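Chemist: Give me coordinates for this.
(one chain, ligands or ions: 1)
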Amino acid sequence: MARPRVEGMAKVTGAVRYAADEPMSELAHGWVVTSTVTRGRIRDIDTSAALAMPGVLGVLDHSNAPRLNLDAGSFFGPDGGMHLLQNDEIPHSGRPIALVVAETAEQARSAAMALRVTYDEEPYDVDFSLEHPAARPATAFFGEDATVGDVEREVAASTVAVDERYVTPEAHGAAMEPHSATAWWEGERLQVVDSNQGPFLVAMTVATLFHLEPKQVRVRSLHVGGGFGSKSGGCGPQLVLAVMAATMFNRAVRVTLTRSQVFQTVSMRPATDQRVRIGADADGRLRAIDHTAAFEVSKLADYLENCTELSNTLYAARAIRTRRTAVPVDILPPYSVRGPGATPGSFALESAMDEVAERLRMDPLELRLRNEPRVGPVSGLPFSRRNLVTCLREGARRFGWATRDREPRTRSEGHLLVGTGMAATSFSAGALPSTASITAEADGGFTVAIGASDIGTGARTALTAVAAEALRIDPERIRLLIADSDLGPAWSAGGSRGTTSWSWAITGAAAKLRSQLAGATLPLTVSFDTTESLGALPPMERHSYSAVFCEVTVDPATGEVRVRRLLGMFAVGRVINPLLARSQLVGGMIMGLSMALHEEGVRDPATGRHVNGDFAGYHIAAHADIPDIEADFVPDYEPGDPSGIKGVGEIGTVGTAAAIANAVWHATGRRHRTLPIRPDRVL
Ligand code: MOS
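Modeler: Coordinates of the predicted model:
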């Protein structure tokens with residue numbers, strides 16, 4: 001049902017508290033100091049002037065900071081990005097090297113400016129490309145690379161063959177709320193208020209990092225002002241440093257990153273350099289897809305930008321080969337951002353598909369329709385529900401695709417060139433282990449508790465609806481507790497798996513409670529862990545799908561591209577709340593537009609540093625850049641999920657950049673294989 005956010009009024013009236021807003025008595029403040037060189041060693045940090053300044057409690061650096069457990073990291077292994085202040089090495093520009101702690105944030109900042117840091121600089125390498133000599137096979141964390149059929153033979157037998165390179169830059173999550181953490185000790189227990197996408201997983205990481213028992217750590221993240229991946233994956237620098245300072249000074253310490261520190265110290269989407277070869281017969285049937293995707297990683301931690309996900313599942317082809325290549329360079333560890341892997345991968349694959357259609361002189365929509373697979377083209381597994389064709393046909397109908405000009409650079413309005421483009425997309429769906437508990441209260445209410453995180457998506461609202469439905473009661477009778485690691489193991493708001501994972505646990509707990517309720521003494525609490533039921537799921541290809549259509553104008557005098565219309569048709573399983581789901585998909589499409597035309601983390605090869613690491617230099621699509629966006633759903637249902645959900649977190653972003661690039665080709669006759677499509681690249 002379309003309901004506004006349950007916390008909407010509190011948000012717009014300023015009543016909700018984000019991590020940095022939590023009032024605390026006796027609070028001390030930490031100010032992060034970052035490296036001004038890109039690689040080398042710290043020769044000396046002279047703290048004498050800083051320590052003499054008013055209000056200063058002390059300075060943490062590698063000489064005195066608590067020793068961390070260097071095994072701590074993410075799913076991909078130990079992550080040196082979290083191992084702050086452990087030695088004198090500078091592994092990348094902007095590395096946190098000290099924390100100045102004072103009674104007020106202003107005092108800490110002034111003292112931070114008085115630190116005198118000297119370095120021994122060493123040469124660095126930030127020059128990433130597919131041909132980099134250090135390129136190596138990426139981790140097979142999400143499964144092996146694909147080798148199906150004989151790509152070379154099929155390409156040789158093809159009527160047309162595309163072989164092109166596609167390049168995407170570093171991209172930042174750029175959540176509106178900067179990362180902030182407050183940490184303090186209560187006896188043997190560490191208390192944390194932090195801005196993150198999953199308090200339980202963050203608490204586990206903190207426990208490992210600081211050699212603590214899991215039950216010694218409590219992390220809360222009551223309201224989070226956006227994440228986009230930048231608050232997932234272990235624990236952020238603000239939290240590592242806040243816990244260190246709370247431990248050293250035995251005070252509550254708050255560390256809030258500045259905007260430019262967020263850019264310098266918090267993970268970004270890695271740059272990618274992808275080669276895609278596609279061979280097709282004259283009738284449009286694909287013979288071969290050969291996708292080699294390179295992405296940058298840090299020497300401090302492994303990561304997988306899984307760019308080939310769509311190439312393995314979206315189209316039928318006689319031969320499919322995918323290769324993922326990691327290139328270690330001297331940067332901070334990249335991590336998931338806005339449709340990780342699939343988003344840059346889709347730009348490459350869906351641009352290449354458009355190039356195949358161009359060379360075949362075939363409608364790109366028709367090309368997609370002709371290559372629908374019956375089973376997973378690489379896995380051989382059945383699809384749980386595959387509604388891509390419905391999305392393509394319904395999107396085309398609403399957009400008016402049938403009247404599109406066949407030739408590029410045909411239509412103009414005044415001095416503007418006009419073109420249209422489309423792309424098909426998917427994003428993998430699923431759930432991860434989570435535990436929910438529900439208490440039937442004596443007053444007729446139900447307390448539903450799950451360690452979920454609402455990062456602005458509307459998770460609170462959706463989970464309230466799911467709980468009410470599962471308990472068959474009015475939503476007003478639900479009291480929902482989230483965002484607290486004490487509520488038990490739960491997956492984070494990431495990978496488009498938040499709502500699926502948490503709803504599954506809530507649905508299971510509700511069924512259990514209902515079966516025990518008759519004649520029971522209240523209050524009665526039950527809990528449900530999804531691990532077992534997830535393990536019993538038959539393996540299948542489970543994905544959300546969408547088709548994106550767009551119309552652009554291009555000014556040939558200035559090179560300016562404007563998106564005039566953007567339409568996405570989505571198959572995302574059952575939609576719990578169409579109002580909020582649509583919002584999320586529109587938000588995703590805005591991020592895709594932003595990726596296509598604006599966002600670019602620029603690293604200066606002469607210094608190795610970000611040169612546009614703030615909101616003045618890193619342009620994210622603003623209202624003036626955004627047209628009316630249509631996002632709608634086709635009827636869909638995920639049979640493997642108790643609530644029929646697939647997830648809406650990332651699919652909005654995934655196909656949008658390719659649809660826009662394809663429309664720019666149609667308007668101008670010129671193909672853009674490097675993002676963003678800046679005016680100087682259009683001219
Ligand atoms: Mo999401 S980019 O997997 O946090």
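Chemist: chain center to stretch 446-456, what's the gap?
Modeler: Going by Cα atoms, centre = their mean, to the nearest Å, the spacing between the C-alpha centre of stretch 446-456 and its chain's C-alpha centre is 20 Å.
Chemist: before we move on, what about stretch 136-154?
Modeler: Centroid displacement of stretch 136-154 relative to its chain, using Cα atoms, centre = their mean, is 24 Å.
Chemist: Just confirm yes or no for it near the ligand.
Modeler: No. Stretch 136-154 stays clear of the ligand (Cβ under 6 Å from any ligand atom), getting no nearer than 12.1 Å. C-betas here are computed from N, CA, C, even on glycine.
Chemist: what does that stretch rub up against?
Modeler: Contact partners of stretch 136-154, identified using Cβ atoms under 8 Å, 6 or more residues apart in numbering, comprise 75-76, 277, 279, 287-290, 295, 297, 302-306, 308-309, 311-312, 317-328, 341, 377-378.
Chemist: Just the residues you listed: which are in helices?
Modeler: Assigned to helices by DSSP state H, the following of those qualify: Glu309, Ser311, Asn312.
Chemist: returning to that earlier point: from the contacts of stretch 136-154, which ones fall inside strands?
Modeler: With strands defined by DSSP state E, the entries of those inside them are 277, 279, 287-290, 295, 297, 319-328.
Chemist: burial of the residue of the stretch 251-400 of the chain found nearest the ligand, as a residue count?
Modeler: Nearest to the ligand in the stretch 251-400 of the chain, going by Cβ to the nearest ligand atom, is Ser336, at a distance of 3.9 Å. Burial of Ser336, expressed as a neighbour count using other Cβ atoms under 10 Å, amounts to 25.
Chemist: now swap in Ala518 and tell me
Modeler: Other residues near Ala518 come to 6 when the count uses other Cβ under 10 Å.
Chemist: near the ligand, which residues of the chain?
Modeler: The interface of the chain toward the ligand, taken as Cβ under 6 Å from any ligand atom, is made up of Gln197, Gly227, Phe228, Gly229, Ser232, Ser336, Val337, Arg338, Pro340, Gly494, Gly495.
Chemist: low-scoring stretches of the stretch 401-550 of the chain, by residue?
Modeler: Regions of the stretch 401-550 of the chain meeting the criterion pLDDT under 70 are absent.
Chemist: Going by residue numbers, what spans are helices in it?
Modeler: Per DSSP state H, counting those that start in this stretch, the stretch 401-550 of the chain has helices spanning 459-471, 498-517, 531-535. These are given in chain order.
Chemist: So which of those is nearest Phe427?
Modeler: Taking Cβ to Cβ as the criterion, helix 498-517 is the member of the helices of the stretch 401-550 of the chain that comes nearest to Phe427, at 12.0 Å.
Chemist: Nearest to the ligand: which residue in the protein?
Modeler: In the chain, the residue found nearest to the ligand is Gly229; the distance is 2.8 Å by Cβ to the nearest ligand atom.
Chemist: In this structure that residue contacts Pro334, no?
Modeler: No. In this structure Gly229 lies outside contact range of Pro334 using Cβ atoms under 8 Å: 9.8 Å.
Chemist: Identify the contacts common to those two.
Modeler: Common neighbours of Gly229 and Pro334, using Cβ under 8 Å, 6+ apart, are Ser267, Arg269.
Chemist: Quick check: Ala319 touching Ile289?
Modeler: Yes. In this structure Ala319 lies within contact range of Ile289 using Cβ under 8 Å: 7.5 Å.
Chemist: Who has more neighbours out of the two?
Modeler: A side-by-side neighbour count of Ala319 and Ile289, using other Cβ under 10 Å, places Ile289 first with 35 against 22.
Chemist: dump the residue contacts of the more buried one.
Modeler: Counting by Cβ under 8 Å, 6+ apart, Ile289 makes contact with Val151, Val276, Arg277, Ile278, Ser311, Tyr315, Ala317, Ala319, Ile320, Arg321, Thr322, Leu349.
Chemist: 6 Å - rerun?
Modeler: With contact taken as Cβ atoms under 6 Å, 6 or more residues apart in numbering, Ile289 is in contact with Ile278, Ser311, Ala317, Ile320.
Chemist: By neighbours, which of the residues you listed wins?
Modeler: Among those, Ser311 has the most neighbours (other Cβ under 10 Å), with 28 neighbours.
Chemist: Tell me which residues touch that residue, please.
Modeler: Ile289, His291, Thr322, Leu349 are the contacts of Ser311 under Cβ under 6 Å, 6+ apart.
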